[in-house]
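**Q** Here's a sequence, model it:
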Amino acid sequence: MTGTCKVEGCTVDDTRKCAMENDPATCENRVGIGVATDASADAAATTLKVGAPEEREQQAQDIGGPVLESTERRPAFPASTTLGLDVVNGLMRSRYVTGIGILGESNSGKTACLVSLYLLVSNGLLEGWTFGDSASLTGFEDIARAARVWNEGHPPDQITLHTEMADDRQPGLLHLRLKRKSDGRRVDITLPDLPGEWTEALVKSSRSDRLEFMKSTETVWLVVDGKVLRELSTRQGAITRLGELLGRLEGMTKECPPRVLVVVTHRDMGGLEQSIRDRLEAEIAKRVLPAEIVEVAPVADDETICKSGFGIEALLDASVGAAPDAAEFWASTMPPAGSRAYLGYRRDR
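**A** Take a look at the predicted model:
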């Protein structure tokens, strides 16, 4: 017997054609099927003849296919690398974000300042601030990876690598959300990690198309290499280029001038001499934009002078603004002697 037919070799189950040339619906050789005489048997026969081939074809196509349909694949968590301008714009639409711009020549210490800020926050060593959130932790880790590598207890010769942009026209922005201990204020900040070539091109050829986002920043760091300032042969050139950079920044942000901070690195070599500071202030005074000088030591070679991370907290405080003094809820005033105030009326009687 083959399938539902008693006749050996009959393929009625596959072809729907009887080997004895009988009607498959009424053939007496099929198991469980008698002579169909009612209308239901005729309807069943019609269904077998008409609809069955399409059903068999569909079943044949489904053989070997997936049992369950796969859902749309998405990452469990959003990417936390450096953020694009579109992502930052979306973040700004949901909350207030303080934009900080960073400019400086190659090897001036821009990335080192970012690494120092991140490591201080992540280890709870940033006095006055605590970590709240970050949408770019992987981006911070990428630039801080070299700072975590030590050779037998000794730091590497170069803590941060030279910044290279995947897109020559789009900046990579980093995000931090911090909470200030003094007043509980939560602050969202964005900071760019830009190559020094962008600053050098701005000074030499006034190329500012890649720095359009600077127009919306509230604070701009102009990072200057402290070693270059302390060398007599390179000092004047560094001060002159700083003045030119400040002038370029004025032209870019004349509609909405930002707060400008001149960040001098390598404070671990000692504080700036007063003569050098006077020359820096004289160069700044030539420009319209005022600027404040802040000395920092992102990574200190000699911690007997200052520790790593020196000045980063002051730099952050100056960037987001100082906490306002709390106003007295109900001021107490004493009436002056001899006045006709109601509280003093007939008090001495």
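
**Q** Domain-wise, how is this structure divided?
**A** The chain is divided into the following domains under automatic domain parsing: 12-62, 85-320.

**Q** okay, these in CSV with mean pLDDT next?
**A** Shown next, in CSV, are the domains of the chain (pLDDT from 0 to 100):
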stretch, mean pLDDT
domain 12-62, 62
domain 85-320, 88
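
**Q** Distance to C5 and mean neighbour count for those - can I get that in TSV?
**A** (C-beta placed from N, C-alpha, C; glycine too.) Output for the domains of the chain, formatted as TSV (distance: least, Cβ to Cβ, whole Å; neighbours: other Cβ atoms under 10 Å):
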stretch	distance to C5	mean neighbour count
domain 12-62	5	12
domain 85-320	67	17
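
**Q** Which one, of those, ends up nearest to F329?
**A** domain 85-320 (15.3 Å; Cβ to Cβ).

**Q** Can you get me the centre-to-centre distance for that closest one and its chain?
**A** 16 Å (Cα atoms, centre = their mean, to the nearest Å).

**Q** That domain spans what distance, first to last residue?
**A** With Cα to Cα, to the nearest Å as the measure, the ends of domain 85-320 fall 21 Å from one another.

**Q** Find the centremost residue of this protein, please.
**A** Nearest residue to the geometric centre of the chain (Cα atoms, centre = their mean): S136, 3.4 Å.

**Q** Tell me who's in contact with that residue.
**A** Applying Cβ atoms under 8 Å, 6 or more residues apart in numbering to S136 gives the contacts 80-83, 173-175.

**Q** Using JSON lines, please lay out the domains of the chain together with distance to F329.
**A** What follows is the domains of the chain, written out as JSON lines (distance: least, Cβ to Cβ, whole Å):
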{"stretch": "domain 12-62", "distance to F329": "75"}
{"stretch": "domain 85-320", "distance to F329": "15"}
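
**Q** Distance of the closest residue to S216 other than its chain neighbours relative to L91?
**A** Excluding the flanking residues, the one nearest S216 by Cβ to Cβ, 6 or more residues apart in numbering is G99, at 5.6 Å. Look at G99 and L91: by Cβ to Cβ, to the nearest Å, they are 11 Å apart.

**Q** who touches both of the two?
**A** Common neighbours of G99 and L91 (Cβ under 8 Å, 6+ apart) are T190.

**Q** Checking my notes, H175 in a strand, right?
**A** Yes - using DSSP: H, G, I helix; E, B strand; the rest coil, the secondary structure at H175 is a strand.

**Q** For it, list each beta-bridge partner.
**A** Beta-bridge partners recorded for H175 (DSSP bridges): T190.

**Q** now it: how far from G184?
**A** H175 is 20 Å from G184, by Cβ to Cβ.
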